[in-house]
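Novice: Give me a model of this one.
(one chain, ligands or ions: 3)
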Amino acid sequence: MNERSGLVCIDIGNSAAKVLIRTDSNQIAAEVQPNAKPWPRNAFPISKQNWAESVLDWVSSVCAEVSSKPPTGPSTGPRDEWQWRIASVQRQAAQQLKAVIERSFRKRSIRLISCRDVPMVLNVDYPERVGIDRLLSAYAALQRHPKPVIVVDAGSAVTVDYIDEKDCYCGGAIFPGLQLQTNALTLGTDALPPVDWSVVHSGRIPAKETSEAIALGVFTGVTAAIDRLIDRYQQTNRSGRRIKIVLCGGDADSISKWIEHEHFVVPDLVLEGIADLTV
Ligand SMILES: Nc1ncnc2c1ncn2[C@@H]1O[C@H](COP(=O)(O)OP(=O)(O)O)[C@@H](O)[C@H]1O
Ligand SMILES: CC(C)(COP(=O)(O)O)[C@@H](O)C(=O)NCCC(=O)O
Ligand SMILES: [K+]
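Specialist: Ligands and ions are numbered 1, 2, ... in the order given. Down below sits the predicted model:
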């Protein structure tokens, strides 16, 4: 592969690795034309065998396309080197991907992002134990929205985190996401079936069929918990400023219309946070 410079940002969650590629040429395109094509991004479920190799194949195909174009301006990083930034809450998956990158890319630098890389005051008891995805989405939200901000990340787990008016990350709440909750029902009962979210599209309340009833119960539980937590955080806001609410994660689009508080949806906020870092 022809290697020019660029940044590969990877957010490994407990369900999927999300990848965003920032290169010289699309960075410059975005600066010149605000509506330029977004940076390429893709998601790879980590339950699939060879997911790490699939990440590499996709990154390589994007790199090959970029390398075939003439350089359009100054480099954003060291020439002839790709920088990989990996933020992971799944330790084994991070090591697996790192090994595959090391095998496949001749010139590369790989950085495993930690809490020390995120320039934010952390008002929590054990900063190093907080999921790096939570810190990065909070950091990205801070760069894009007035504070205070609440970040809701609806992935395998749902996290609802509060960043106060002084840019301070104050912690939050964690509970099981849609898929984990439905999996728990299937595992813990004899009669409840797995629910396929893509085919459950019912507005009937109360529900009239088992899958529909699970969907109604779990959606309502998750979204009501989010709304309730937002109310609780609002009670601690002494700044007099309105709190912005940002929703991200793989289930953000599915739950958005069920959340009562006004909010923005930014599905890949963690990736934006990785790209924002100046490490
Ligand atoms: N192909 C898929 N594989 C896994 N999860 C998916 C897929 N499509 C949608 N989802 C939903 O996305 C959620 C995971 O979101 P994501 O933000 O990627 O989680 P994580 O950060 O924990 O990996 C799951 O709860 C599931 O409902
Ligand atoms: C809460 C999480 C499991 C969320 O992970 P995800 O849903 O993104 O896969 C992750 O951020 C994590 O492992 N956190 C460590 C504990 C903490 O944040 O306090
Ligand atoms: K999450």
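Novice: domains for this structure, by residue range?
Specialist: 6-112, 117-273 (automatic domain parsing).
Novice: for the ones you listed, which one sits closest to ligand 3?
Specialist: domain 117-273 (3.2 Å; CB to the ion). C-beta here means a position set from N, CA and C on the backbone, and glycine is covered the same way.
Novice: what about that closest one and ligand 1, any contact?
Specialist: Yes: in terms of CB under 6 Å from any ligand atom, part of domain 117-273 sits within range of ligand 1, namely Gly155, Ser156, Gly177, Leu178, Gln179, Trp197, Gly249, Gly250, Asp251.
Novice: What is the burial count for the last one?
Specialist: Using other CB atoms under 10 Å as the criterion, Asp251 is surrounded by 23 other residues.
Novice: just checking, what packs against the strand or helix carrying Asp57?
Specialist: Per DSSP states H and E: Asp57 is located in helix 51-67. With contacts taken as 3 or more CB pairs under 8 Å, 6 or more residues apart in numbering; DSSP states H and E, helix 51-67 sits against strand 6-12, strand 16-23, helix 24-32, strand 41-45, helix 91-104.
Novice: now the protein, which segments are flagged as low pLDDT?
Specialist: Along the chain, the parts satisfying pLDDT under 70 run over 1-5, 24-37, 66-80, 197-202.
Novice: Nearest residue to the most centrally placed residue in it in space, ignoring adjacent ones along the chain?
Specialist: Ranked by distance to the mean C-alpha position of the chain (CA atoms, centre = their mean), the top residue is Val270 at 3.8 Å. Among residues not flanking Val270 along the chain, Asp11 sits closest, at 4.2 Å (CB to CB, 6 or more residues apart in numbering).
Novice: mind listing what the one you found touches?
Specialist: Ala17, Lys18, Val19, Ala87, Ser88, Asp133, Leu136, Asp268, Val270, Leu271, Ile274 (CB atoms under 8 Å, 6 or more residues apart in numbering).
Novice: out of these, which is most surrounded?
Specialist: Result: Val270 is most packed of those (other CB under 10 Å), 33 neighbours.
Novice: possible to save the residues of domain 117-273 next to ligand 1 as JSON lines with secondary structure and distance to ligand 3?
Specialist: Shown next, in JSON lines, are these (DSSP: H, G, I helix; E, B strand; the rest coil; distance: CB to the ion, whole Å):
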{"residue": "Gly155", "secondary structure": "coil", "distance to ligand 3": "3"}
{"residue": "Ser156", "secondary structure": "coil", "distance to ligand 3": "6"}
{"residue": "Gly177", "secondary structure": "coil", "distance to ligand 3": "7"}
{"residue": "Leu178", "secondary structure": "helix", "distance to ligand 3": "11"}
{"residue": "Gln179", "secondary structure": "helix", "distance to ligand 3": "11"}
{"residue": "Trp197", "secondary structure": "helix", "distance to ligand 3": "16"}
{"residue": "Gly249", "secondary structure": "coil", "distance to ligand 3": "5"}
{"residue": "Gly250", "secondary structure": "coil", "distance to ligand 3": "8"}
{"residue": "Asp251", "secondary structure": "coil", "distance to ligand 3": "9"}
